[in-house]
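*Asks:* Any chance you can model this:
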Amino acid sequence: MFIQSTSISEELYPEILFIETFDDGDKSYPRMRVINNQYIPDLDVDGKPKSIPRFFRSDESLLVSCDKKIRMNLGPNVICAVNPNSVKLLGADGSRKPSYYIHKEVFVEVVKGNEKLEKAYAHFRKTGIAKVPNGLDSLSKEISRKSVNGTNKLQSLIAKYPCPTLLQDGLYVNENTWKEILLNISLSENILLFGPTGTAKTLLSKYIGKVMDREFIKLDFGGIKNGVSHLIGEHRIGENGTSVFDLAVFPLAIQRPSTILLDELNRAGDDVMNILLPVLDSDRTLRMDMAPSNLPREIRVHDQVTFIATANIGSRYTGTNQIDGAIEDRFKFIELDYMPQDVECAYLVATTGIAEKGAKAIVMFANAIRKAFQDSILSKPISARGTHRIATYVEAGFSLKEAFSLAIYPHYDSDERERLNAILSAF
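*Replies:* All right, here's what the predicted structure looks like:
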């Protein structure tokens, strides 16, 4: 029940709304409720705040609807604080208590580990007044990265999944880029990796699946002619003349923990994009309208499925399409680049035994080729695999020029080889 709706003095006007998560039997998705004995905004029947602010004071908990990603990350029995002005009405008809909704972009702060919020909560429990203590910035100003025990969330992720290294993993990733990838995966966000050819986009996707102990499934959209058959399946006539439906790999893969690589997504056609739209949004549902009646009409994506797409973006890449705005909005774009020169040199020295001077020459030449590729002078760059091959040849006894000719030149046509000679002559 509620104390009757009433206006309140300015000193009682709530600046913080305290909520708590609790376990109602589904441990994967704890629920949320408003903590007892708080002033809650009164609402008109249409769900809008009254023109003159008036407030309920509840003596029972009000349920709060919240994105499951937030609830999963918080876990049960956690006290949080939100800005009451950012909590929206989910529904109220004037005859029952209102329920509230927290949008997934709204700032939610864990009280434990935040000294000022801990003081505010203690003050609220003592006085019933939810005020921001002096010196505490606006709740919506900055999103805290503290977890329930006060540990930085990124530090926890890095401790569990260390940044890969060239020597141990054969893969280089900038540490901040790796942190961003981990953070978005922990939030169940879709990731799109883009960058020049040879920046290990596909290799990184495989590594993510490996370290997270999930099955890795690659869907190559470069040569797809029929998106429906590739993503859902196709009908065919069986040996006895009856219709047989061959289910694609994708509907099975999304039902179990996995890392699914949507490789070269911007080469896919509209039919693929239309199928992927509901899969990649918050519904995470694959529609199976054309499947036979013995299969479900919809398949829900497993909570431990991570979608990683790759794309080569730019006019120098032929056969690509502009990514649809609706699809683009469903991904967090993360850019990859070539490794720093000193890192690549150290890698070549450590893995091939080549002298540092030779390694520097190889990397400088490779960077010149990469620059020529970015300037559309050459059709392709040199990857880290390419520089490693050159270094291996040099260490085996070939000269630098011979190693370049054997390892790199076969990948270019005669006109481009003349340009390579011009670049090589500068070294």
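*Asks:* hey, let's count contacts and neighbours off CA atoms from now on
*Replies:* OK.
*Asks:* would residue 283 count as being in a helix?
*Replies:* No: applying DSSP: H, G, I helix; E, B strand; the rest coil, one finds residue 283 to be coil, outside a helix.
*Asks:* and it, how many residues sit next to it?
*Replies:* Other residues near residue 283 come to 11 when the count uses other C-alpha atoms under 10 Å.
*Asks:* Low-confidence ranges, the stretch 201-350 of the chain, go.
*Replies:* The stretch 201-350 of the chain contains residues with pLDDT under 70 at 223, 313-321.
*Asks:* can you map out the helices along it?
*Replies:* Ranges of helices within the stretch 201-350 of the chain are 201-211, 227-231, 249-253, 270-280, 325-328, 341-352, based on DSSP state H, counting those that start in this stretch.
*Asks:* Dump those into CSV; add distance to residue 169 and mean neighbour count as well.
*Replies:* Output for these, formatted as CSV (distance: least, C-alpha to C-alpha, whole Å; neighbours: other C-alpha atoms under 10 Å):
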stretch, distance to residue 169, mean neighbour count
helix 201-211, 9, 18
helix 227-231, 31, 18
helix 249-253, 26, 16
helix 270-280, 30, 17
helix 325-328, 30, 12
helix 341-352, 11, 18
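*Asks:* For residue 312, find the nearest of these.
*Replies:* helix 201-211 (9.9 Å; C-alpha to C-alpha).
*Asks:* what's in contact with the closest one?
*Replies:* The contact list for helix 201-211, computed with C-alpha atoms under 8 Å, 6 or more residues apart in numbering, reads 161, 171, 193-195, 215-216, 258-259, 261, 263, 308, 310, 336.
*Asks:* Of the residues you listed, keep whichever come out buried.
*Replies:* 171, 193, 194, 195, 216, 258, 259, 261, 263, 308, 310, 336 (16 or more other C-alpha atoms under 10 Å).
*Asks:* Quickly name whichever of those is closest to residue 389.
*Replies:* residue 171 (15.4 Å).
*Asks:* What ranges does the stretch 51-200 of the chain have for its strands?
*Replies:* Taking DSSP state E, counting those that start in this stretch to define them, one finds strands in the stretch 51-200 of the chain at 55-58, 63-66, 79-82, 88-91, 99-102, 109-110, 190-194.
*Asks:* what does the average pLDDT come to for stretch 161-171?
*Replies:* Mean pLDDT, taken over the full extent of stretch 161-171, equals 86.
*Asks:* mind checking how far that stretch is from the chain centre?
*Replies:* Stretch 161-171 sits 20 Å away from the centroid of its parent chain (C-alpha atoms, centre = their mean, to the nearest Å).
*Asks:* got the CA positions of that stretch in CSV?
*Replies:* Taking C-alpha atoms only, stretch 161-171 is exported to CSV below (Å, rounded to 0.1, in the frame of the first residue of the first chain):
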residue,chain,number,x,y,z
TYR,A,161,41.6,-12.7,-20.0
PRO,A,162,45.1,-11.2,-20.4
CYS,A,163,45.9,-9.2,-23.5
PRO,A,164,47.4,-11.6,-26.1
THR,A,165,51.1,-11.2,-27.0
LEU,A,166,53.0,-12.0,-30.2
LEU,A,167,55.4,-14.3,-28.5
GLN,A,168,52.9,-16.4,-26.5
ASP,A,169,49.8,-16.2,-28.8
GLY,A,170,51.1,-15.1,-32.2
LEU,A,171,48.8,-12.1,-32.1
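*Asks:* what comes into contact with it?
*Replies:* For stretch 161-171, contacts defined as C-alpha under 8 Å, 6+ apart pick out 172-173, 175, 178-179, 200, 203-204, 211-212, 347, 350-351.
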